[in-house]
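Asker: For reference, the sequence and a predicted model appear below.
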Amino acid sequence: SQSTDGTESSHMHDNETVDLHTGYEWWLMQEAKKRNPDIKLYGLPWAFPGWVGNDPETGVPTGSPFSYPEQTSRYLLEWVKGAKSEYGLDIDYVGVWNERASNASYTESLRAHLNDAGFNATKIVAKDGWTDICDDMKKDPDYAASVDIIGLHYPSDYQDLSTCHSFGKPVWASEESSSYDDLNGAACWARVINSHYVLERITSSIMWNLVGAYYHGTNWYASSMLTSVQPWSGYYEMMEVVWATAHTTQFTEVGWKYLDSKHGSGQLENGGFYTTIVDPNSNNFTLQVVKISHDHASCTRPPLPPFNVSAEKVTFQLADNMPTEGGKLAVWKSNFEAENATIFERQSDISVDAGGSFTLDVEIGDFYTVSTVMTATKGQSKTPVPASEPSLPLPHSDDFNSYPESQEAEWLADQIGAFEIHKSAFQTARKNADDLILRQMVPQLPIGWSDHGSNGPMTLIGMREWQDINVSVDFLLPVGEAAACVGSRVDQMWDFGSVVCVGVGGQWNLTLGGPPQNTSTPKTPILSGSGPSVKAGEWHRLSLTTIGSSAWASVDGVDLFANVTVRDIDTGFAAIGMNSWYHVEFDNLDITEAGGESRWGPAAAAPPTGCDPKQGAVLTTRPCVSNGLAADDQKFELLADWQLRHIPTGLCAQYMSDTQGVTLEQCDFGAATQQFRNDYTRIRNAVVPVTLSNLPGGDRVLAGFFNGTVVTPKVLGALGTDYAAWSYFPNTFQLRNQYTGVNDSLGYPLCLSACGTSA
């Protein structure tokens, strides 16, 4: 079931089979332990297989993981046991259900099952959600006794957590940040890991997520400590949040303790925070000092109240029992708000005077670490980071024979259901005993975290910008009710895009979006008919091609339709899937470019004749170049100081006046006329307003008309424009007026362009 950016294979798709070789998590945990044997392991269900909620007598599903606590406890226990028996991994913590209900009976049952199996040291975190867990525990002492740690998601530093603290248990921010991993994401993280302790005595902040290795076009793109989304090239980027984290992790160890507020931790007089973490078994200690402005302090959630910060000199007095080696302390510094940012750089050691004190000059944007630990380093990769190659290389072919069984296929990203490598369940003339295929494994509707069965199972591949492709795949239908589907231009949950499905007997449908499981919300039909005979238990081949506003499809080489009109406003991934929870098998997936040079060649990305981006050029919009190609006039970079920089010229967008619109000018750091503010995380995952603040007469909003004119009216004036929200596509550097085809009145996507004439 969907868990934000995709689905993850379960170790128990049904109540009888335990498979400890599914998914990437086992490998990931092993690799983490190789690098740091002391790292902690924490398992949290986002969703559950449907069987844990089935009546054990009748098999009737309840849709709840808590209806039969013994079944769900066994499910979690098998995972904890398997980690130890198969991989030698000790699971330190388990959660209940990510951001959904908790349950006393289940939590108590899970505690008992863990203890009975010898896993007394595995602690339970509850409920990985909101503060209502504390009220529930207050009413039920047995429930409270079964919980070891209170886990809150995105807790505000300005709420009352007294009930949560009344149990004497650790309180964690067990999910935090979810913010884009640029300088603003680093500033958010630096602030929150210190403010959480000072203001709310929260002793752990766990970032969601550590490595963003999922496509742009799935939720919360690059809301990570590190982004690595090009396995075909090996490129990765954005180390700012990694080094912000190093301010803590290179100077402390698990088990160190925070000093209480006013005795080593607290708020700075002119805004900001400081914390001190000490080793209870030695004289080592680490002081962190952070001062982030309101303009850069926000994480994705929750909102912050207004506050001001200013630079100051801060003197720290050491206690008599905090000696230093030779009277010196190591100093490391970052500044996430300066024009030339400082990222985790070692400063000169600071001398502690005879009275045991030292002074720091703390500027806005600073994050200092001062420590007795002298061993920190700013590492370098052993080999140069490869060049970026945003577009998945085409042609792409996969016969699925190169993988271990139970694993996933490379570059496919399951979004509904779970697709694993196995031997075919059907011995046919086309499959020998050693051939491997891709099979959808989920047998019934899961107990979902977000999507609860809107569309049929699906896995996707490619780019959010793709439009003109051919997708072909072999398929085998296991039962007469099943249908196999291929899609082009689909979004994450295949609500949009061109999709063709074929069932037993040869009946087919071409629809806008994938096949619905909930028949009360049917997809928009485009065309249907009957083609070559398709039989259950036999292999067939399905192909779909989309070029511009036309589509073609075939089964076993026989045309189903040709040159049928489809929407050209959709761009997106290639997909394979099915109509419901069947074990449909796939093989020999092929994806190729379609439409030739006119759609994929250099001319397709060439700016219009006469386009001459230069200083003074008025910004306009024109149709976005598709297929992952990037046109020079449409390449813009969103900077962390809110500037919108045209990459080829290095010039920045600048508000001129309500009537002159926006032009390209020399970049002027801090100029209000160049600060195009936006939700720096969501703008890559949705359409959001882009605004200018602190201008005479009030805020302005970046807006446009279908004729290509870009304007910056006052916010209420945007009501008279054709659109006033934007989405950033990082692979092609495009600022688009739409994210998906949800609003077909916008027509084909328009992109900001530097092709306008001079003002």
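Answerer: That came through, no problem.

Asker: Name the nearest residue to Ala672, sequence neighbours excluded.
Answerer: With CB to CB, 6 or more residues apart in numbering as the measure, Asn694 is the residue that lies nearest to Ala672, at 4.3 Å, once sequence neighbours are left out. Bear in mind the C-beta positions are built from the backbone N, C-alpha and C, glycine included.

Asker: Neighbours of that neighbour, how many?
Answerer: Summarising burial for Asn694: neighbours were counted as other CB atoms under 10 Å, giving 11.

Asker: can you check Val385 too?
Answerer: Using other CB under 10 Å, the number of residues around Val385 comes to 12.

Asker: Buried residues, the helix or strand harbouring Thr245. List them.
Answerer: Using DSSP states H and E, Thr245 sits in helix 240-249. In terms of neighbour count (16 or more other CB atoms under 10 Å), helix 240-249 has its buried residues at 240-248.

Asker: Let me see the mean pLDDT of it.
Answerer: With pLDDT averaged residue by residue, helix 240-249 scores 97.

Asker: Give me the next element, helix or strand, following it.
Answerer: Stepping forward along the backbone from helix 240-249, the first helix or strand reached (DSSP H and E) is strand 257-258.

Asker: Provide the strand pairings for that following strand, with the direction of each partner.
Answerer: If you go by DSSP bridges, strand 257-258 pairs up with strand 273-278 (antiparallel).

Asker: How about the contacts made by the residue nearest to the spatial centre of the chain?
Answerer: In the chain, the residue lying closest to the centroid (CA atoms, centre = their mean) is Trp220, at 3.7 Å. For Trp220, the contacting residues are 4-5, 178, 212, 681, 685, taking CB atoms under 8 Å, 6 or more residues apart in numbering as the criterion.

Asker: what's the closest of those to Pro395?
Answerer: Proximity of those to Pro395 (CB to CB) peaks at Asp5, which lies at 25.8 Å.

Asker: Tell me the one of the contacts of Trp220 nearest His452?
Answerer: Set against His452, the nearest of these by CB to CB is Thr4 (14.6 Å).

Asker: Doesn't that closest one lie inside a helix?
Answerer: No - under the criterion used here (DSSP: H, G, I helix; E, B strand; the rest coil), Thr4 is coil, not part of a helix.

Asker: hang on, it packs against Asn98?
Answerer: No - Thr4 is not in contact with Asn98 according to CB atoms under 8 Å; the separation is 9.1 Å.

Asker: Those two: which is more packed in?
Answerer: Under the criterion of other CB under 10 Å, the comparison of Thr4 against Asn98 puts Asn98 first, with 21 against 18.

Asker: Tell me the secondary structure at that one.
Answerer: Reducing the assignment to helix, strand or coil with three-state DSSP, the entry for Asn98 is coil.

Asker: What sits closest to Leu735 if chain neighbours are left out?
Answerer: Leu752 (4.2 Å).

Asker: ok, back up a step: can I take it that the residue nearest to the centre of the chain is in a helix?
Answerer: No - the assignment for Trp220 (three-state DSSP) gives coil, which keeps it out of a helix.

Asker: Which pLDDT value belongs to it?
Answerer: Per-residue confidence at Trp220 stands at 95 (pLDDT).

Asker: can you tell me how far it sits from Gly185?
Answerer: If you measure Trp220 against Gly185 using CB to CB, to the nearest Å, the figure is 12 Å.

Asker: which neighbours do these two share?
Answerer: By the contact definition CB under 8 Å, 6+ apart, Trp220 and Gly185 are jointly contacted by Thr681.

Asker: the helices in the stretch 551-700 of the chain, which residues?
Answerer: Assignment of helices within the stretch 551-700 of the chain using DSSP state H, counting those that start in this stretch yields the ranges 597-600.

Asker: can you pull out the strands in it?
Answerer: 558-565, 573-578, 585-593, 620-623, 636-638, 644-646, 652-657, 661-665, 676-677, 691-692, 700-701 (DSSP state E, counting those that start in this stretch).

Asker: List the buried residues for the fourth one?
Answerer: Read that as strand 620-623. Of the residues in strand 620-623, those scored as buried under the neighbour-count criterion (16+ other CB under 10 Å) are 620-622.

Asker: what's the answer for the fifth one, then?
Answerer: Neighbour counts over strand 636-638 (16+ other CB under 10 Å) mark 636, 638 as buried.

Asker: For it, what is the distance to the chain centroid?
Answerer: Mean-position distance between strand 636-638 and its chain equals 20 Å (CA atoms, centre = their mean, to the nearest Å).

Asker: same thing with the fourth one?
Answerer: In terms of CA atoms, centre = their mean, the gap separating the centre of strand 620-623 from the centre of its chain is 29 Å.

Asker: Which strands and helices lie in contact with it?
Answerer: Applying 3 or more CB pairs under 8 Å, 6 or more residues apart in numbering; DSSP states H and E, one finds that strand 620-623 makes contact with strand 750-753.

Asker: And the contacts of the strand it packs on?
Answerer: Residues outside strand 750-753 that contact it (CB under 8 Å, 6+ apart) are 607, 611, 619-625, 633-634, 636, 704, 706, 708, 710, 723, 726, 734-737.

Asker: Overlap in contacts, Thr4 and Asn98.
Answerer: Overlap between the contact sets of Thr4 and Asn98, as judged by CB under 8 Å, 6+ apart, is given by Trp46.

Asker: Turn the buried residues of helix 240-249 into a markdown table, including distance to Phe358.
Answerer: Formatted as a markdown table, the entries for these read as follows, by distance: CB to CB, whole Å:
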| residue | distance to Phe358 |
| --- | --- |
| Glu240 | 27 |
| Val241 | 28 |
| Val242 | 28 |
| Trp243 | 23 |
| Ala244 | 23 |
| Thr245 | 25 |
| Ala246 | 22 |
| His247 | 18 |
| Thr248 | 20 |
